[in-house]
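Visitor: coordinates only, sequence not included:
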């Protein structure tokens, strides 16, 4: 398995995102364009970014100061656990409400209330878990 949040890992995540049923195609239907960053809690910047156009990942890479629509952080141990067993909506809700998972940028509450976004958000964790 590639090191979590390495360049190789983000490339694999982008491929899995685009291939995951109900993720990229669902976001394409709502013209989802976003820079989505991921990283570890307590770090100043995220580790990497997915550039998503019309639901599909077009580019991946390290964070280099680009504007972000979403910046999701979680403890390294939490991410690793979710790579072994993707979280459910309940797991994510608990992580968010207890402050273990943070949205440095982006509105979790608004996103989770919109089923067009919430379903694909959950599926993104399944795509993460498939990265080798």
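Guide: Perfect, I can see it now. This structure is a prediction, so every number in the text was calculated from the model and none was measured.
Visitor: who's in contact with the helix or strand of the chain with the lowest mean pLDDT?
Guide: Least confident helix or strand, the chain: helix 108-113 with a mean of 92, by mean pLDDT, DSSP states H and E. Contact with helix 108-113 is made by 89, 93, 96, 117, 118, 121, as judged by Cβ atoms under 8 Å, 6 or more residues apart in numbering. (C-beta placed from N, C-alpha, C; glycine too.)
Visitor: Pull the distance from that helix to the chain's centre.
Guide: 14 Å (Cα atoms, centre = their mean, to the nearest Å).
Visitor: Rounded mean pLDDT for the helix or strand following it, please.
Guide: Following the chain from helix 108-113 toward its C-terminal end, the next helix or strand by DSSP states H and E is helix 115-129. Averaged over helix 115-129, pLDDT sits at 95.
Visitor: how about helix 115-129: buried residues?
Guide: Residues of helix 115-129 classed as buried: 117, 120, 121, 122, 123, 124, 125, 126, 127, 128 (neighbour count, 16 or more other Cβ atoms under 10 Å).
Visitor: Next, format the residues you listed as CSV and append distance to residue 14.
Guide: CSV is the format used below for the buried residues of helix 115-129 (distance: Cβ to Cβ, whole Å):
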residue, distance to residue 14
117, 19
120, 15
121, 16
122, 18
123, 14
124, 11
125, 15
126, 15
127, 9
128, 11
